[in-house]
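> Next comes the sequence, and after it the predicted model I'd like to discuss.
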Amino acid sequence: MMKSKILWKANQKQKDNSNLFKYEKFISSKYKFKPNKNFKKLLEWSINNPKDFWNSIWEFSKVKGLKKNNIEKSSIFFKNKFLTNSKLNFAENLLSKK
């Protein structure tokens, strides 16, 4: 078996300017949750706090629209529904981004 070779690795400045790092800072200040670059911890938080997670994604992404905080939980993962009855205009949101 061949050993994998790293083809590229982000430097610290690139990491600090990444959307993932910006999102981590956002949830740290808004939800008092500090994943400290531990992405397993962030994943567990998103699963255990779906309402906060989906609200944070909407707010961090600056989605324009009417957000409803409704959640419909299901024991079948892909049948879970988040932010149901929220309304947004896809074109408005797409065109407002760089």
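Structure received.
> What about residue 88, how many residues nearby?
Here the number of neighbours of residue 88 (other Cβ atoms under 10 Å) works out to 14. All C-beta spots, glycine's among them, are computed from the backbone N, C-alpha and C.
> Would you mind confirming that it is in contact with residue 68?
No. With contacts counted by Cβ atoms under 8 Å, residue 88 stays clear of residue 68, the gap being 11.0 Å.
> The biggest helix by length in the chain: which residues count as buried?
Looking only at the chain and at elements set by DSSP state H, the helix with the highest residue count is helix 19-31. Along helix 19-31, these residues count as buried under the neighbour rule (16 or more other Cβ atoms under 10 Å): 23-24, 27.
> For stretch 5-21, output the C-alpha coordinates as CSV.
Taking C-alpha atoms only, stretch 5-21 is exported to CSV below (Å, rounded to 0.1, in the frame of the first residue of the first chain):
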residue,chain,number,x,y,z
LYS,A,5,1.5,12.3,0.2
ILE,A,6,0.2,15.7,1.4
LEU,A,7,-0.2,17.8,-1.7
TRP,A,8,-1.2,21.1,-0.1
LYS,A,9,-1.6,22.4,3.5
ALA,A,10,-3.1,25.7,4.5
ASN,A,11,-0.9,28.1,6.3
GLN,A,12,-2.0,29.8,9.6
LYS,A,13,-3.1,33.0,7.8
GLN,A,14,-5.3,31.0,5.4
LYS,A,15,-6.8,29.0,8.3
ASP,A,16,-7.5,32.2,10.2
ASN,A,17,-9.2,33.8,7.2
SER,A,18,-11.3,30.7,6.4
ASN,A,19,-15.1,30.6,6.7
LEU,A,20,-14.9,27.7,9.1
PHE,A,21,-12.7,29.7,11.5
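> Save the buried residues of helix 19-31 as CSV, and put in pLDDT too.
Shown next, in CSV, are these (pLDDT from 0 to 100):
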residue, pLDDT
23, 94
24, 93
27, 94
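> which one of the residues you listed sits closest to residue 57?
residue 23 (8.4 Å; Cβ to Cβ).
> Now the most centrally placed residue in the chain: which helix or strand?
Per Cα atoms, centre = their mean, the C-alpha nearest to the average position across the chain is that of residue 57, at 4.5 Å. Secondary-structure assignment from DSSP states H and E places residue 57 in helix 50-60.
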